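Chemist: Compute the structure for the input listed below.
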Amino acid sequence: MNAIETKKLTKYYGKSRGIIDVDLSVSKGDFFGFIGPNGAGKSTTIRTLLGLISATSGEAFIFGMNAKTQRNEILSKVGYLPSETNFYDGMKVKDILELSANLRKMDCKAESKILCDRLELDINRKVGDLSFGNRKKVGIVCALQHNPELYILDEPTSGLDPLMQREFYSILKERNENGATVFLSSHVLSEVGRYCKHAAVIREGKILVSDSVDKLGHTGVKRVSLRGIDSIPYMDNVKDVKVENDTVNFLYSGKANELLKELSKLSFDDLTITDPDLEEVFMHFYTREGK
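Modeler: As a prediction, the model looks like this:
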């Protein structure tokens with residue numbers, strides 16, 4: 001049984017596109033990244049998964065439970081962090097955390113204290129006095145303090161400083177190593193590349209690719225660097241040409257022998273061919289012909 005599975009999941013807002021025929025499969029125990037820029041359909045997918053909005057067509061399942069008909073059962077097993085968190089400004093942090101635990105009919109005081117200490121969150125301050133980053137921490141503790149089986153996190157690190165981002169991911173890695181499933185949406189590709197085992201790329205409501213992070217880095221695209229040259233003539237299958245001082249960098253998606261044939265016509269001092277990083281792979285999927 002998968003932790004998350006969708007079949008042709010589609011959502012329209014009137015005539016406006018939300019998501020179209022989204023097929024996702026996330027195994028139990030996975031650390032899964034959902035990649036796409038703002039407006040790609042990440043939040044719509046998540047809200048439909050949780051039964052917070054109704055799908056136009058298609059199906060979504062969490063641990064085999066139907067998102068449309070078994071929402072309460074699903075929410076009892078999930079820790080959800082929306083991209084934007086809103087709380088009552090006049091309440092203290094400790095009261096917000098207690099309210100969240102009481103809504104689940106659980107005693108989360110011990111785990112809440114551990115999380116607040118690790119995230120350096122002052123529970124005696126009023127929410128209205130907190131910075132954006134500290135408000136995000138409140139949302140994180142609410143999502144994590146009941147130790148759910150599945151974490152669904154929408155742009156979870158926006159507003160956190162680098163040290164808190166690192167601590168947050170340390171917590172998630174510990175939970176994941178203990179068997180929990182993590183599904184997070186992000187446009188911070190370095191985070192996905194560093195922490196996720198699998199990832200899907202979404203654009204304009206449609207899934208472009210879904211695979212292991214390692215395999216996403218082996219799309220046949222190569223990063224080529226030529227030192228001792230300040231320009232190159234037009235070549236087929238070349239994109240993202242950048243010139244820095246006496247070095248030209250570009251992405252190449254054609255056959256290796258054709259690249260070598262074209263390079264043999266040029267004069268340069270040094271050549272490096274490597275796999276691109278995740279950000280370059282992402283841009284490959286977003287800028288390839290016909291997309």
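Chemist: Only alpha carbons, please: show stretch 171-189 as PDB.
Modeler: Included here for stretch 171-189 are C-alpha records, laid out as PDB according to Å, rounded to 0.1, in the frame of the first residue of the first chain:
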ATOM      1  CA  ILE A 171      14.000  16.600  12.500                       C
ATOM      2  CA  LEU A 172      12.300  15.400   9.300                       C
ATOM      3  CA  LYS A 173      15.200  13.000   8.600                       C
ATOM      4  CA  GLU A 174      14.900  11.500  12.100                       C
ATOM      5  CA  ARG A 175      11.100  11.000  11.600                       C
ATOM      6  CA  ASN A 176      11.700   9.500   8.200                       C
ATOM      7  CA  GLU A 177      14.300   7.100   9.500                       C
ATOM      8  CA  ASN A 178      11.800   6.000  12.100                       C
ATOM      9  CA  GLY A 179       9.300   5.100   9.300                       C
ATOM     10  CA  ALA A 180       7.300   8.200   8.700                       C
ATOM     11  CA  THR A 181       6.600   9.300   5.100                       C
ATOM     12  CA  VAL A 182       7.500  12.900   4.100                       C
ATOM     13  CA  PHE A 183       5.900  14.700   1.200                       C
ATOM     14  CA  LEU A 184       7.000  18.300   0.700                       C
ATOM     15  CA  SER A 185       6.400  20.800  -2.000                       C
ATOM     16  CA  SER A 186       9.200  23.300  -2.800                       C
ATOM     17  CA  HIS A 187      10.700  25.500  -5.400                       C
ATOM     18  CA  VAL A 188      14.100  25.400  -3.400                       C
ATOM     19  CA  LEU A 189      15.700  22.800  -5.600                       C
END
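Chemist: mind listing what's buried in it?
Modeler: The neighbour-count check on stretch 171-189 (16 or more other Cβ atoms under 10 Å) flags 171-172, 175-176, 180-189 as buried. The C-beta positions use only the backbone N, C-alpha and C, and glycine is treated the same way.
Chemist: do the same with stretch 188-205
Modeler: If you call a residue buried by 16+ other Cβ under 10 Å, then stretch 188-205 has these buried ones: 188-189, 191-193, 195-196, 198-203, 205.
Chemist: hmm, which two among these are most spread apart?
Modeler: Checked with Cβ to Cβ, the buried residues of stretch 188-205 reach their widest spread between 195 and 205, with 25.3 Å between them.
Chemist: separation between residue 246 and residue 92?
Modeler: Using Cβ to Cβ, to the nearest Å, we find residue 246 at a distance of 59 Å from residue 92.
Chemist: Looking at these two, which one has more neighbours?
Modeler: The residue with more neighbours, out of residue 246 and residue 92 and counting by other Cβ atoms under 10 Å, is residue 92; that gives 17 against 12.
Chemist: mind listing what the residue nearest to that one when sequence neighbours are not counted touches?
Modeler: In space, not counting the residues next to it along the chain, residue 92 is nearest to residue 126; the distance is 5.5 Å by Cβ to Cβ, 6 or more residues apart in numbering. If you count contacts by Cβ atoms under 8 Å, 6 or more residues apart in numbering, residue 126 has them with 89, 90, 91, 92, 93.
Chemist: Could you look up the SS state of residue 230?
Modeler: The local conformation at residue 230, judged by DSSP: H, G, I helix; E, B strand; the rest coil, is coil.
Chemist: where do the strands sit along this protein?
Modeler: Counting by DSSP state E, one finds strands in the chain at the ranges 2-13, 16-27, 31-35, 57-62, 65-66, 78-81, 150-154, 181-186, 198-203, 206-212, 222-227, 238-244, 247-252, 270-274.
Chemist: I'd like these laid out as TSV, including mean pLDDT and distance to residue 110.
Modeler: Listed next are the strands of the chain as TSV, based on pLDDT from 0 to 100; distance: least, Cβ to Cβ, whole Å:
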stretch	mean pLDDT	distance to residue 110
strand 2-13	96	26
strand 16-27	96	29
strand 31-35	94	25
strand 57-62	96	27
strand 65-66	95	28
strand 78-81	97	16
strand 150-154	96	19
strand 181-186	94	22
strand 198-203	91	32
strand 206-212	90	36
strand 222-227	91	48
strand 238-244	87	50
strand 247-252	90	50
strand 270-274	92	47
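Chemist: which of those strands sits most buried?
Modeler: Sort the strands of the chain by mean neighbour count, taking mean count of other Cβ atoms under 10 Å, and strand 31-35 sits at the top with a mean of 27.
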